[in-house]
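Asks: sequence and predicted structure are below.
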Amino acid sequence: MKRSGPLLTLLVGLLVGLFMLSLNATTGEKPTSASVKPSPGTKASPNTAPPKSSAPPSPSPSRTPVQEGVYAGRTDDDSSAVAITVRDDKAIAYVCDGHNIESWLQGDVKDDGSLHLTGKGGARLDAAVKGVKEIRGTAGVGNGRYAFTVDRAKKPSGLYRANSTVAGAKIEGGWIVLPKGEQVGILTRDGKRSAAPEIDPETGAVTVDGQQLTARPVHP
């Protein structure tokens, strides 16, 4: 029995396989994988994080400006007078009842328009600006505590002080000239207090024990 048929079939199969291998090698194609090229218009963007939003800065404390000048008025109980003079964020105050209670105080004017002034013997004045022409607060002098509201005053109203020696006695005087012309002051002779004589607000002239002195405006 002849076996040439199967052998011929096997030979033809080998020739076909060799032909396919030579065809793939010529064209450079790989039968098992397909390459995909990116589109020229699409580029990979770098991995950048979105910009961080910066928080807005904290607002600075609002400033209530205190106009420079002198503020003068009476306490709410009408027992005493208060004068405050302001310049360059500094303040000096004088609290006086015109008889035997007085205190000089000083300190800074804060950015928020508040004042916290101190004086001898633990005296203290705490106040704040109300509007643009008014200062309201309380003053503690000795055992007393006085609420007050003082308005911005114009000359000749204001705060005055005199220091001198008369007949060998040390003289210290303080005066508050109120907007309507009323004067409240104390004169101290060698540590003893009494009501102060009136001054001439235009010139500051005042006579003490027959001697003329000059009371000068008080500024920080």
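Replies: Good, I have the coordinates. Because the structure is a prediction, the values reported are computed rather than measured.
Asks: quick check: buried residues in stretch 139-158?
Replies: 139-141, 146, 148-153, 156-158 (16 or more other CB atoms under 10 Å). Using the backbone N, CA and C atoms, a C-beta is placed for each residue, glycine as well.
Asks: swap that for stretch 125-136, sorry
Replies: Neighbour-count burial for stretch 125-136, counted by 16+ other CB under 10 Å, picks out L125, A127, A128, V129, I135.
Asks: what ranges of this protein fall below the confidence cut-off?
Replies: Residue ranges of the chain with pLDDT under 70: 1-65.
Asks: what about the helices in this protein?
Replies: Taking DSSP state H, the helices of the chain run over residues 4-27.
Asks: ok, Q211 - how many residues close by?
Replies: The local packing count at Q211 equals 12, with neighbours defined by other CB atoms under 10 Å.
Asks: returning to what we had before: the buried residues of stretch 139-158: which two are farthest apart?
Replies: Based on CB to CB, the longest span within the buried residues of stretch 139-158 runs between G140 and P156 and measures 29.3 Å.
Asks: show me what contacts A215?
Replies: By CB atoms under 8 Å, 6 or more residues apart in numbering, the residues touching A215 are Y160, R161, A162, G173, W175, I199, G204, A205, V206.
Asks: how about 7 Å then?
Replies: Residues in contact with A215 (CB atoms under 7 Å, 6 or more residues apart in numbering) are Y160, R161, A162, G173, W175, I199, G204, V206.
Asks: D97 touches D77, doesn't it?
Replies: No. Taking contacts as CB atoms under 7 Å, D97 lies outside contact range of D77: 10.5 Å.
Asks: tell me which of those two has more neighbours.
Replies: Neighbours per residue, other CB under 10 Å: of D97 and D77, the larger number sits with D97, 17 against 10.
Asks: got the end-to-end distance for stretch 193-209?
Replies: 14 Å (CA to CA, to the nearest Å).
Asks: tell me the gap between that stretch and the middle of its chain.
Replies: 40 Å (CA atoms, centre = their mean, to the nearest Å).
Asks: contacts for that stretch?
Replies: For stretch 193-209, contacts defined as CB under 7 Å, 6+ apart pick out 98-100, 156, 160, 162, 166-167, 171, 173, 175, 177, 183, 185-187, 212-216.
Asks: repeat that for 6 Å
Replies: 98, 100, 156, 166-167, 171, 173, 175, 177, 183, 185-187, 213-216 (CB atoms under 6 Å, 6 or more residues apart in numbering).
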